[in-house]
Structures are given as structure tokens and as C-alpha cells.
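> model this:
(2 chains)
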Amino acid sequence: MRFKFNQLVGALALSLFFFSCENSEPEQPLGAYEQGILIMNEGNFGTNDGEVYHLDPSTLTLKPNVFETENLRPFAGLLEDMVSVNGTMYLVANTGKVEVVDAGTFKSLGAVSGGLDQPRSLEVVGSKLFISDYGPYDASYATPDSYVAVVDGLNGGMVTKKIEVSNKPEDLIAFGKYIFVAGSEEGKVEIIDAEKEEVIKVLEVDGHPAQFFEIDGTVWLYSTDAEEVYFQSFHMDNLTKATTNALPVANATGRIAFGNDNLYYLITSTGWPDFEDGVSRVSVVGTELDLDWITGSGFYGIGYDKVRNELYLANSNGFQGNGTVTVYGTDGTEKRDFEVGRGPSGFLFY
Amino acid sequence: MILLLWVVSFLGSAPIVQDTVVLSEVEVYAPKIERFAQGQKIQVWDKKSLENFEGRALSDLLQEQSPVFVRQYGAGMLASPSFRGTSAGHTALFWNGLPINSPSLGQSDLSILPVLAMDQVSLQFGNAGALFGNEAIGGSIHLENQLQFAKGFQASLFQQVGSFGAFKTRAMGSYSTKKISSTTKIYREFSKNDFPYQDLGQIGTPEVKEDHAAFEQLGLVQDFGWNINSGSQLKAAFWLNKSDREIQPVMGSNTNDQQEDQSLRAVLDYYRFGSGSVWNVKTGLVKDQLIFNGSTSRTGQYFLASDYDKTFSGKLAMKVGMRFTQIQADLSSYSTSDQRVEIYQSTKFNLGKNYTLSLNLRELVYQDQFAPFSPSIGLDWEIWNHQRSDLLLQSSFGRGFKVPTLNDRFWVPGGNPELLPEESWSGELGLTWKVKGNVNWSNQLTYYRMSVDNWIIWLPQGSVWTPDNIKHVSNQGIEYQGESSGKTGEWDWVLDWSYTWSRAVTTSGIGESDPAIGKQLPYTPQHQANAKIAVSRREFSSYLSTFFVGKRSVTADNPRMMPSYQLFNLGFSYRQLTWGKLSIPVSFQINNLFNTDYQVLYLRAMPGRSFQFNLSINL
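Take a look at the predicted model:
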């Protein structure tokens, strides 16, 4: 069982949710933090105040600073990604560590603290962790030595190998013994064989790869460039590129949420000089293409609660302090908003 | 502790009085900053009171002995001052009358201004745009080198050895006749800075040694004075400072940043003295180079200024002047230049024998824009002045401004050339009551209010951060300082204490719903206090000092508060150890006496107890 924030496995999560409600098999009871919504707050550069908040969507009870509350020490990092696999939660800090906690209790189980530079995301295959990492900056703030780090042990430990990949790897997704790497800077998808611990294939793709997701046993990639966004799928038997859907969504940031009815929600940001942010609602199988579904400024993270059909849109409030989350209905109306941690950047819906 | 016993064991030895020829003291002229600063709070440390801070940085002095809060990003790391709840960029910094803040950053790092390079430090509090120009919003810092004529040849060597691999050396030589005076100082400060701390960023929060905070500083200070004739004097000063630092990572990060700062500052003053008048022509340059992880930023500032100060009678004095500044900047992301012209005047009236009133005005023009016209008025009123006691009331009101920094205006990407200068109004009322007698007392109480508008902050706009004139901030506070001194038996003693209350509140922010509105600014403690007792008996002296920093928030909306802390320092010194013609003062200090675990800024480790042993050899 594997959850990764913001991904289409939400559908899987939903089915499991009902499954666990209806079926009273003597399974392990779900922990307090394996239900409801986890809010990932990245934190501020130089302050390392990344944290996780927990929201119970039925009572709207919000628990701040879950990591610090449960472990009596600060998270002390910039929280880049949260990955939950088989009851274990991996908190990836791009400041150079991965904290491993029990997904139900958030109690610390271990860490990967040595050998990483700027980790971005994580995948688990067998008993190994694979961690995408920008590598160190050089004098001109380039990252020519990006890699995927291998750690043998589900609760962390030392980095045993660094597999060289193209610059600025972001998201990872595991499929069988293969790991797909989103090579964001050079427009590549590298495929790693988890057993051999080496890149066995490099695919050229359109745009800057941002995030993988899975539909019916097929891996898809969401990627962006200045003018368009791309949804590309792969043949899973021979590991080649299959289809490409390009949509005319300009200035997409790479943050995406997957809604019901095959609707996708993409954050856009015009940057200088207009500084307008927005959410575009698009569909790959359908015809939906609403470029300005929501407009505003300061949009940072996005997520979709498929159970309650609500869009969660986070605002960083300029990183001057805590961010806010605004919840929207399917018609784009604001339902409520609430304060969360600093730099809210993503959600995980159980 | 062995060192401590060693020092204490000298107590028994009889002091030997040194033979010195007393020559007439003639100081090289330097205009006093308080001359037209009526009604303003000023705090001064002379050479002697700086001695306990030799081998330490200006940031330590300000944090431990003044109402200023210093934001320290680790031990020996970036340290920036906050006067009266304002930000680091709201403090003007002068060295021998030359403004030395970086024009690209608009501030200075106080951790790389070693106290052993300076002879006098003065702080002025509150808006002083009229008196001191750009950036004097929260206050200003004035560093002076002092030169004396007719002192003959003097030389000294200062050596400090301390905890965490600290090894600091200064050699000084000076020669002066009635005509010329020259002083040369060279120094090196090194520290491995490998202090132990509890790493909150690691599982199990183990105690680890800081392994990436070593620093080295090298410097050369040259002062020169020349009495050209009875009516004119030339003064020159030169300061080269180079620091090389490993940047201490914030807990939970494993960065290996390396920073090299190099500053060259030079100033040349010509003074012509008439009857009651002083005409000054000043020229100087400040060149800063900062290399961060191999990426270089260079700025140069070139100054030409002149002013004329005339005392017309016992009742009226006036000063008028102007200054040109040429700025050149070459940074990794942009290159630019800037020209500034400013004119200023100060007038002082004595209204009766108890009242002194001053009026100061300044206008600065940069490129083709006018900075806010800055006036200030101040009053000193001696309510009474008796033999045993006097009471002085001081009040002032004025404006301050800050031209947006070059980074604010030109950084690529994001720099905003449309930015307006930050501006501020402030007023204060102070009472100083002094009592002389067997026990001397002095008490000073100041209340201030300040409002800062067009406060610039950088905000992310999509993936690009850009500055804008966003905030309005209202500050008010109370600064109280007391001192008492006397003699009990053979012991002279001095007790001083201070308390600062500072309320600095965001009154408008990013939109109307900004949660920061109505809340205290980040990293601005509401309460600070310090106290010190110093005792001396003949050539032995000792002090115990403490300072308290209250709770402060990490962000503008205050959800996370940093705990308060209080640190104690203890020192002993013995001045009259001699060997032949040499006098060899020795001293021993313990900083953070009770090994208190604290952070000034969130997750920035600070050292526990440390020891330092100082030895000087004076010829």
C-alpha cells in the first residue's frame, strides 16, 4: 500500500477507505494520523521550520506541528515531500535528511541523515529506499551532480550508492522493480532497475517533468513548459513512451491535484510583471479546459479531497508567517479557510 | 580552572608603579557626535571600557551592554543590530565619520567588526536623518579611532587564548611628536569554533561538536595625524579587514557554505581652525568584497564632503555642509552605479543658561529622486544643576529615511526600481538624574515613539521574490539605565543596570487580513535587561555581568515563540604585572558562566561556557 501526496492513488485510497470502514477484519487499526488529511508545510528557507499539520475533515479539528508534538523535537528541515508506504511515513527534507516515522503515530523510527544534499522525493522497492537528490550547488547555483541515492533499510540508515541522473530530479514512482525518475531540468525520464541499482533507460519527454501518477496500471507523467502542459503515458511492457496530450495552459508551476471525473487542477503563476496566480481545471480524457477557474496570488500547494469533493488550495502568505488553506467546492465557490503552517505546499488525503 | 588559579595567585604580589613621563595630552581633532544631538539618547564606550571586549566582536558589546538587540545567526556568524524594534537595515554605521554600511545590502555584519580595531564606540538612538543621513532610523553606530600627539613611542602586544580553539592576536605600535602622530595595529583573530551543542535536527538529539563554523580574521589599521600648523590639521585612517568563515549551518541542514569578506576603508580629513570655527574637508572610500561559495559581489563607495562649523557666540552655533557619494556595484546578478548628493545644516541655540535647542535639516538626492526631507529638533533642559545633584530633561523629534538598497532596486530577478525610500518619524522624552556624593547615582529614563512607513519586504511572486513598500510599523518603548559607584574600604565598585521595553507592531501588512497586523515584529524581544557589577582594588579588578533577552517570535504572525534566556559573564584582571620596563596586564574571562543552552534565532546553535585568557605586553 502506497500513498504519495497529490497523486491519483487517491482513488485507491478512497476504495481502501471504504474497505476499512466496511470490513472489520482483524487488520491493524489505523493510527490517528492515517485518517483524515495531512497538510505538508514546507517551512522557510534558512529557518528550517517545516512541519506537518493534521486535519480531521469531519470535525474540522486541526492539529499543528504533528512531528514536534509526537517527537518532542523540531522537524528542523524544509519539508519537500511526504511519502507513506506500508504504514511508514517518509518525510523528505530538502535540507539534507529524510525522517522516518510511523504513519499512524508519527513517532520517529529512524532517519537518513548522512550522505544526502538536497533530497526531493522518495520511493520504496523491496527493502530499499530510493531518494532523488539535486546534489550540491556549484558556484553558479547549478546542480551538475544530481543523483538518486540508495539506502538499504526501510527505517533509513546510510546511503550505500548514488545513481547519477540528469539535473534536478524531482518525483519518483515505482512500478514493479523499476523506478521512474522525473528529470525536471533536462526533460528526461530515467528508469532505474532497483535490483541492479542503475539507470537502464533514458527517455526524452516533452516539458519539464514534475509529477508521476498511475491510471489502471499505467504510469503517467505531468510536465510543464512556459506555454503548455503535457500528460504523457508510458508502455509498461517495453518501457517506452506511449501517448502525449498537450494542453495550452501557460505558466503552470508543476503543482497538480487530481479530482473526481478525470478533472485535474493545475496551479499557474505568471510571474513578473503581473504576478497573477491561478488554478486551471483541465481534463485529458474529457474536454474541460478552464484556464482561470480560480485566480488570485500567493498560491502554493494544492490537493483534492475526493471523498468530500473539495479542492484545497494553500496560500504561502509570502512566507512571512503561517500560510492559509482555502477550501473550494466543485463549482469554485469558497467554503472555508483556515491557518496552517509555514509555506503549505501539499496535502495527503487518506 | 588552572588558568583561573594562576591569575588569582598574582593577587598577592605587590604592584609596582611604573615610571611614566606625563606629557601634555593633545588629541587629534574629531567632531563630537553629540554636538548638535540635543534631546537624543547617546551611549558611549571609551577605550578603557572596551578593554573587556578585546578579542570579541562589536555585536557582543552591543548585545551585552546596550538596549540594542543583536540577531546572531550562530557563533561568530552574521550579527545584525535592531535598534528600538527596527530592522538591521535601519541602523547607520560610521567609521571616523564615514558611512560604511554596504550599499548593496544596506546593512553591516557586526560580527566582523572586531572591537580590538577601534578606540571608541558610540550609539545614538532614534531617527537622525537630519544629523546622520541615510539609514539612521532606529539609530546609528559610530566607531572612532583616536590619535594623540606628543606621546613618544608606544608598543603593545595583545594575545588571547580561549575555548573552542580561539587564538587572537593584536600588535600595535604608535609614535607621536607634537607635530605628527601615527598608530599601526595589525591583528589576527582565529577560532575553530568547534563548540559542543545539542543537535535538535538529528534523531535522538545527540550532543555534537560544531564542525563548520571556523573563522579567521586578519586586519590592518593605520591612523595618521599631522599638525600642519597651528591652524590646520590633517588626519588619515585606513582599515583593511579580511574575514574567512565557514558558515554555521542551521540545525537540520548540512550546508557547507563558505564566505569571505574583505573591506578596505580609508578616510582623509583636513581641518582648518579659525576663531570659533572649524572647516572640514573629508574624502574617503569604502570597498567591500564578499565571496559566497565562489560567487563574488563587489561594491565601492567614494565620498567627498565638506562642512563648516561656526560658534558665533555663547548663544549660537551653526554647521553647514554637503557630501557627494559615488557608488559602484558589481554583483553576480547585476552591475550598477548610483550618485548621491546631500546638503545639511545644524543650528544650536542656548536659550538662557538652562536650555539648549537644536534644529537640524538634511536633504539627500539619489539618482534623480529626492529622499524625504529630514528635519529634527531637540531640546536639553537642565531643570536643576546643584552641587550634589542635577536633573536633565531631553526631548527630540525628527525624521529618518532609508534609500532602498541596490539589491532592492536592481537584483536580477526581482529587483524593483520603483521602490520608495522607507521613512520614519520618531520622538522621545528622557530624564537623567545624577547624584554625586560618597555614592554616586545616575538614572536615565527614556520613552520613545516611532512610526516607520514604506517598510520594504521581499515577497515571493510565483517563483521570483521581489521587494515592495509594504509594511507600516509603530514602535514605542522605554529604556532605563542606572549606575551607581562608590568606595567601600579599599574597594572601588561600579554597579550598572538597564531595562528595555520595546513594542514594535505591524500596523499594516500584506493586505487587510495579514495575520501580522497588531503583532510584535519577528525577532524583536519586548523585554531586555542587563546588569554588571565591577569591583577593583589597586590593580586588581573583577566583574560579573549578566544580560537577559525576552521571548521573541520567529515570524511576523507570532505562532512560534523562542524562549527567553539569561547569560552571565565573569572576569578578573590584574594590570600591574611588570617585567623590566614592560607592563603585562593579564585577564581571564568566563563567558556564559552557567553553560546555558540558548538560541538567539531559531535552530541556530550557540556556544555554552567558554574561557578566555588575555595577556598584553605594553612597552
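
> give me the residue from the stretch 301-450 of chain B nearest chain A.
B:Pro413 (6.7 Å; Cβ to the nearest Cβ). Bear in mind the C-beta positions are built from the backbone N, C-alpha and C, glycine included.

> that residue: neighbour count?
Using other Cβ atoms under 10 Å in any protein chain shown, B:Pro413 is surrounded by 13 other residues.

> chain neighbours aside, what residue packs nearest to it?
Distances taken as Cβ to Cβ, 6 or more residues apart in numbering or on different chains place B:Val464 nearest to B:Pro413, at 4.9 Å, with adjacent residues excluded.

> hmm, the one you found is touching B:Trp411, no?
No - with contact taken as Cβ atoms under 8 Å, B:Val464 and B:Trp411 are classed as non-touching, separated by 10.1 Å.

> those two: which has the busier surroundings?
Just comparing B:Val464 and B:Trp411: by other Cβ under 10 Å the higher neighbour count belongs to B:Trp411, 20 against 14.

> ok, for the more buried one, nearest residue in space, not its chain neighbours?
In space, and not counting its chain neighbours, B:Trp411 is closest to B:Ser333: 5.8 Å by Cβ to Cβ, 6+ apart.

> mind checking which helix or strand that neighbour is in?
Assessed by DSSP states H and E, B:Ser333 sits outside every helix and strand.

> check contacts around it.
By Cβ atoms under 8 Å, 6 or more residues apart in numbering or on different chains, the contact list for B:Ser333 reads B:411-413.

> pLDDT score for A:Leu8?
With respect to pLDDT, A:Leu8 scores 40.

> got the residue ranges for the helices in the stretch 301-450 of chain B?
For the stretch 301-450 of chain B, the helices defined by DSSP state H, counting those that start in this stretch occupy B:406-410.

> that one against chain A: which residues are in contact?
Within the stretch 301-450 of chain B, the positions near chain A by Cβ under 8 Å from any Cβ of the partner chain are B:413-414.

> so where is the stretch 301-450 of chain B shaky, pLDDT-wise?
For the stretch 301-450 of chain B, no stretch has pLDDT under 70.

> do a quick rundown of the strands in it.
B:316-330, B:335-351, B:355-366, B:369-370, B:374-385, B:389-402, B:422-435, B:440-461 (DSSP state E, counting those that start in this stretch).

> then the stretch 51-200 of chain A?
Under DSSP E, counting those that start in this stretch, the stretch 51-200 of chain A gives strands at A:51-56, A:61-63, A:79-85, A:88-93, A:97-102, A:108-112, A:119-125, A:128-133, A:147-152, A:159-164, A:169-175, A:178-183, A:188-193, A:198-204.

> these: which one's closest to chain B?
The nearest among the strands of the stretch 51-200 of chain A, by Cβ to the nearest Cβ, is strand A:108-112 at 4.5 Å.

> same question for that closest one, mean pLDDT?
For strand A:108-112, mean pLDDT rounds to 97.

> cool, stretch B:83-100 as well?
96.

> related to what we said a few turns ago, how about the strands of the stretch 51-200 of chain A in TSV, adding distance to chain B?
Shown next, in TSV, are the strands of the stretch 51-200 of chain A (distance: least, Cβ to the nearest Cβ, whole Å):
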stretch	distance to chain B
strand A:51-56	10
strand A:61-63	12
strand A:79-85	11
strand A:88-93	7
strand A:97-102	7
strand A:108-112	5
strand A:119-125	11
strand A:128-133	12
strand A:147-152	13
strand A:159-164	12
strand A:169-175	14
strand A:178-183	17
strand A:188-193	21
strand A:198-204	24
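
> make a markdown table from the ones you listed and add mean neighbour count to it.
Output for the strands of the stretch 51-200 of chain A, formatted as a markdown table (neighbours: other Cβ atoms under 10 Å in any protein chain shown):
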| stretch | mean neighbour count |
| --- | --- |
| strand A:51-56 | 22 |
| strand A:61-63 | 15 |
| strand A:79-85 | 24 |
| strand A:88-93 | 25 |
| strand A:97-102 | 24 |
| strand A:108-112 | 20 |
| strand A:119-125 | 24 |
| strand A:128-133 | 25 |
| strand A:147-152 | 21 |
| strand A:159-164 | 17 |
| strand A:169-175 | 23 |
| strand A:178-183 | 25 |
| strand A:188-193 | 21 |
| strand A:198-204 | 14 |
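
> circling back to that earlier point, for B:Gly126, which of the strands of the stretch 301-450 of chain B is the nearest?
Nearest to B:Gly126 among those is strand B:422-435 (4.8 Å), distances taken as Cβ to Cβ.
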